[in-house]
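J.: Please work out how this folds:
(one chain, ligands or ions: 1)
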Amino acid sequence: MTTQITSLEEYKEQYKSSIENPEAFWDKEAKTFTWFEPYKEVCKWDFEGPDVKWFLGGKTNITYNCLDRHIETRGDQTAILWEANESRKNGKNGSNGNEERSLRYTYRQLLDEVCKASNMLKSLGIQKGDRVVFYMPMVPELAIGVLACARIGAVHSVVFAGFSAQALADRVNDAQAKMIICSDYNKRGAKNIAVKQVVDDAMDLGCNSVSNVIVHKNTGGEINWSDDCDKWWHDHVDDQSTECQPEMMDSEDMLFILYTSGSTGKPKGVVHTVGGYMVYTCYSFKNVFQYKEGDVYWCTADIGWITGHSYIVYGPLLAGATTMMFEGVPTYPDAGRFWEICEKHKVNQFYTAPTAIRALMAKGDHWPEKYDLSSIKVLGSVGEPINEEAWHWYDKHIGKGNAPIVDTWWQTETGGIMITPLPGITDTKPTYAAYPMPGIQAVLVDKDGNELNENNVEGLLCIKHPWPSILRTTYGDHERCKQVYFSSFPGMYFTGDGARRDSDGRIRVIGRVDDVINVSGHRMGTAEVENAINEHDNVIESAVVGYPHEIKGQGIYAYVISQGKEKDDVFRKEILAVVTKEIGPIAKPDKIQFVDDLPKTRSGKIMRRILRKIASGDVDSLGDVSTLLNPDAVEKLMSNK
Ligand code: PRX
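T.: Okay, the predicted model is just below:
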């Protein structure tokens with residue numbers, strides 16, 4: 001098992017040795033895993049390529065390390081504890097009211113289920129290296145399916161089940177996936193959402209690489225069926241053998257692709273490989289959450305995002321933890337749902353997003369007060385900057401002042417948590433992700449790439465040396481990976497975030513400095529949303545920016561130039577419908593302003609800086625607009641806001 005830091009001295013020592021000799025440091029951690037063949041070299045890297053490899057020549061299987069190796073010591077311990085959506089209990093959504101509300105999979109049962117699903121994949125022709133896309137709600141079969149891919153060496157790509165058919169088809173085609181695994185419906189709060197229908201629509205848009213769609217029966221509701229390609233999960237999984245040898249995977253074989261937004265219109269497929277991701281997610285999980293034997297750990301994320309991959313599935317299972325998976329939403333049947341579950345399962349570590357904290361804070365203090373939250377030892381936050389008010393509410397009303405908050409900064413591309421307090425070990429300060437993990441050489445640079453080594457300074461956040469779970473490429477487009485992350489500042493990985501360091505060396509991540517916005521912790525490219533809006537026949541041009549939003553952190557503000565349409569709410573609704581169709585409801589603009597003109601530079605570039613200020617209501621500091629091609633546009637934008 002990877003090392004667990006227990007004191008500030010140990011953190012300092014580990015940090016120092018990880019920087020002085022990264023290879024020796026990670027060698028020690030990696031040796032705690034089962035390798036079918038030992039690696040010959042710890043790390044080889046060149047950020048110019050970029051070409052980063054960890055644990056070269058080593059052969060392993062991440063599911064062997066997640067499951068098989070725990071059987072002897074913890075075969076009967078709960079691995080996944082699944083908590084259902086409340087509608088299964090109260091007879092809503094076509095449920096008979098007698099459905100299971102919590103399911104437990106011990107390590108032994110989980111291994112059996114994963115082997116059965118692995119055999120299903122094999123029986124349908126999926127081989128090592130093939131890509132399998134998942135489009136599922138938070139049901140145990142999603143975790144089982146993902147692990148089954150990893151067991152046979154297939155590459156999983158989970159697409160968040162809120163994305164539209166178009167967005168799903170784009171990802172399936174980019175990955176050239178051979179199979180899609182979905183559910184019939186998603187039980188979400190009081191609603192049943194048609195999931196298989198979205199897959200059908202994506203298939204109609206053309207997903208020629210897909211030969212089979214596997215359907216997990218979640219509600220039994222009506223669906224369309226294609227005899228050619230659709231297959232029921234239960235028909236093909238239930239009778240499979242519970243034995244499946246794990247595939248021999250090279251440390252640098254691909255484990256998964258996860259699509260995330262960037263500053264261009266096209267999402268990129270972030271690629272993680274087996275060995276490094278395994279070592280880092282386990283190490284970071286154990287240390288950041290200070291998980292102890294017998295604890296119940298709960299991360300409320302969806303497996304459709306990196307947080308779910310690293311800290312619901314892989315990190316916790318590698319560490320032999322009990323990890324909870326939640327099907328529902330925070331406010332159904334009421335705003336006490338999270339806290340009710342914490343009480344029911346005596347949750348010890350609770351990890352969520354600031355947007356959920358703010359939404360629940362707005363519902364009132366009486367909700368958490370109804371429940372016994374005394375089991376909680378550590379609180380976590382992820383995905384976006386947490387504001388001071390939410391931090392204090394979380395601390396006071398959930399942690400009761402006794403549970404340190406780990407404000408964890410990281411990214412899809414980093415694979416694991418990079419900057420964070422260690423609970424009970426390093427100090428915490430509201431809004432500060434604080435200290436780098438061992439092995440993480442975080443630096444701030446100015447726009448010319450000069451390192452800013454003093455304290456009390458603001459700059460661009462970069463990482464100097466590779467860590468084991470750094471992305472290896474962007475699928476099918478290595479050049480893009482190079483341009484986006486490794487070209488701005490040679491020799492460094494550029495995060496795209498701005499940050500400040502305080503007088504004691506703690507880091508606060510302020511937010512993106514590129515055209516990416518963070519809405520409710522979901523990453524969105526402004527160009528993607530603009531492309532979607534522009535699909536409306538009457539839209540000529542659009543510009544999208546983020547603006548401060550009380551609950552979501554950032555909201556989406558769209559400026560739209562149009563023709564031949566009344567500029568009214570009917571038109572606004574049509575635009576929202578187009579965005580929902582192209583990307584999904586999470587990308588719907590919160591505000592749409594119809595405009596005649598957008599402020600542009602003399603070379604025709606939209607001045608987003610000005611648009612951001614107007615959207616935020618920060619019009620006193622617009623700066624000099626006289627050099628614009630059309631300075632009048634600014635005045636007009638402000639007057640009809
Ligand atoms: O801007 C940072 C913000 O989320 C971005 C990464 O988004 P994504 O790849 O979707 O991963 C989210 C979950 C790891 C970062 O570039 N971000 C993430 N965590 C924090 C944060 N901003 C401030 N504080 C954080 N703790």
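J.: what about the longest helix in the protein?
T.: Counting residues, the longest helix found in the chain (DSSP state H) is helix 107-123.
J.: Alpha carbons of it, in PDB - could you do that?
T.: The C-alpha coordinates for helix 107-123 follow below in PDB (Å, rounded to 0.1, in the frame of the first residue of the first chain):
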ATOM      1  CA  TYR A 107     -14.500  -6.800  -3.000                       C
ATOM      2  CA  ARG A 108     -15.200 -10.400  -3.800                       C
ATOM      3  CA  GLN A 109     -18.600  -9.700  -5.400                       C
ATOM      4  CA  LEU A 110     -17.300  -6.700  -7.300                       C
ATOM      5  CA  LEU A 111     -14.500  -8.900  -8.700                       C
ATOM      6  CA  ASP A 112     -17.000 -11.500  -9.800                       C
ATOM      7  CA  GLU A 113     -19.200  -8.900 -11.500                       C
ATOM      8  CA  VAL A 114     -16.300  -7.300 -13.200                       C
ATOM      9  CA  CYS A 115     -15.100 -10.600 -14.500                       C
ATOM     10  CA  LYS A 116     -18.600 -11.400 -15.800                       C
ATOM     11  CA  ALA A 117     -18.800  -8.100 -17.600                       C
ATOM     12  CA  SER A 118     -15.200  -8.600 -19.000                       C
ATOM     13  CA  ASN A 119     -16.300 -11.900 -20.400                       C
ATOM     14  CA  MET A 120     -19.400 -10.200 -22.000                       C
ATOM     15  CA  LEU A 121     -17.100  -7.700 -23.700                       C
ATOM     16  CA  LYS A 122     -14.800 -10.400 -25.000                       C
ATOM     17  CA  SER A 123     -17.700 -12.500 -26.200                       C
END
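J.: What helices and strands are in contact with that helix?
T.: If you count contacts as 3 or more Cβ pairs under 8 Å, 6 or more residues apart in numbering; DSSP states H and E, helix 107-123 packs onto helix 69-74, strand 78-83, helix 140-152, helix 233-237. Just so you know, the C-beta spots here come from the backbone N, C-alpha and C atoms, and that holds for glycine as well.
J.: and these as a markdown table, adding distance to the ligand?
T.: Listed next are these as a markdown table, based on distance: least, Cβ to the nearest ligand atom, whole Å:
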| stretch | distance to the ligand |
| --- | --- |
| helix 69-74 | 26 |
| strand 78-83 | 21 |
| helix 140-152 | 17 |
| helix 233-237 | 28 |
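J.: doesn't residue 459 fall inside a helix?
T.: No - Residue 459: not assigned to a helix; according to DSSP: H, G, I helix; E, B strand; the rest coil it is strand.
J.: wait, isn't it in contact with residue 499?
T.: Yes - if you go by Cβ atoms under 8 Å, residue 459 and residue 499 touch, sitting 6.8 Å apart.
J.: More neighbours: those two, which one.
T.: Neighbour count, other Cβ atoms under 10 Å: between residue 459 and residue 499, residue 499 has more, with 24 against 18.
J.: what residues does the helix or strand bottoming out on mean pLDDT in the chain touch?
T.: Taking mean pLDDT, DSSP states H and E as the measure, helix 87-90 is the helix or strand of the chain with the lowest mean score, a mean of 81. By Cβ atoms under 8 Å, 6 or more residues apart in numbering, the residues outside helix 87-90 that reach it are 93, 95, 97, 99-101, 187, 189-190, 332-333.
J.: switch to 6 Å and redo it
T.: 93, 95, 99, 101, 187 (Cβ atoms under 6 Å, 6 or more residues apart in numbering).
J.: For the strand or helix carrying residue 9, C-alpha coordinates in CSV please.
T.: In this assignment (DSSP states H and E), residue 9 forms part of helix 8-20. The C-alpha coordinates for helix 8-20 follow below in CSV (Å, rounded to 0.1, in the frame of the first residue of the first chain):
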residue,chain,number,x,y,z
LEU,A,8,3.8,17.9,9.0
GLU,A,9,7.4,16.8,9.4
GLU,A,10,6.7,13.8,7.2
TYR,A,11,5.0,15.9,4.6
LYS,A,12,8.0,18.2,4.5
GLU,A,13,10.4,15.3,4.3
GLN,A,14,8.4,13.5,1.6
TYR,A,15,8.0,16.7,-0.4
LYS,A,16,11.8,17.5,-0.2
SER,A,17,12.8,14.0,-1.2
SER,A,18,10.2,13.9,-4.0
ILE,A,19,11.7,17.0,-5.5
GLU,A,20,15.4,16.1,-5.0
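J.: between the helix or strand following it and helix 8-20, how big is the angle?
T.: Counting by DSSP H and E, the next helix or strand C-terminal to helix 8-20 is helix 22-30. With axes from the mean of the first three to the mean of the last three Cα atoms, to 10 degrees applied, the angle from helix 22-30 to helix 8-20 works out at 120 degrees.
J.: what sits up against helix 22-30?
T.: Here helix 22-30 makes contact (Cβ under 6 Å, 6+ apart) with 2, 17-18, 42-43, 55, 279, 283, 465, 468.
J.: just stretch 7-17 next, same as before
T.: Against stretch 7-17 from outside (Cβ under 6 Å, 6+ apart): 5, 25, 422, 425, 438.
J.: from the residues you listed, which would you call buried?
T.: 5, 25, 422, 425, 438 (16 or more other Cβ atoms under 10 Å).
J.: before we move on, the earlier item: buried set for the least confident helix or strand of the chain?
T.: Neighbour-count burial for helix 87-90, counted by 16+ other Cβ under 10 Å, picks out 87-88.
J.: How about stretch 609-629?
T.: Result for stretch 609-629 [16+ other Cβ under 10 Å]: buried residues 610-615, 628.
J.: now, among the residues you listed, which is nearest to residue 637?
T.: residue 614 (5.4 Å; Cβ to Cβ).
J.: what helix or strand is that closest one on?
T.: helix 608-616.
J.: angle of the helix or strand following that helix against helix 608-616?
T.: Using DSSP H and E, the helix or strand that directly follows helix 608-616 along the chain is helix 632-639. Following the same axes, to 10 degrees, one obtains 20 degrees for the angle between helix 632-639 and helix 608-616.
J.: and helix 632-639, what's its mean pLDDT?
T.: Helix 632-639 shows a mean pLDDT of 89 in the predicted model.
J.: buried stuff in it?
T.: Neighbour count says helix 632-639 has 633-634, 637 buried, by 16+ other Cβ under 10 Å.
J.: Same question for stretch 475-490.
T.: 475, 480-482, 484-486, 488-489.
J.: hang on, residue 356 is in a helix, isn't it?
T.: Yes - according to three-state DSSP, residue 356 belongs to a helix.
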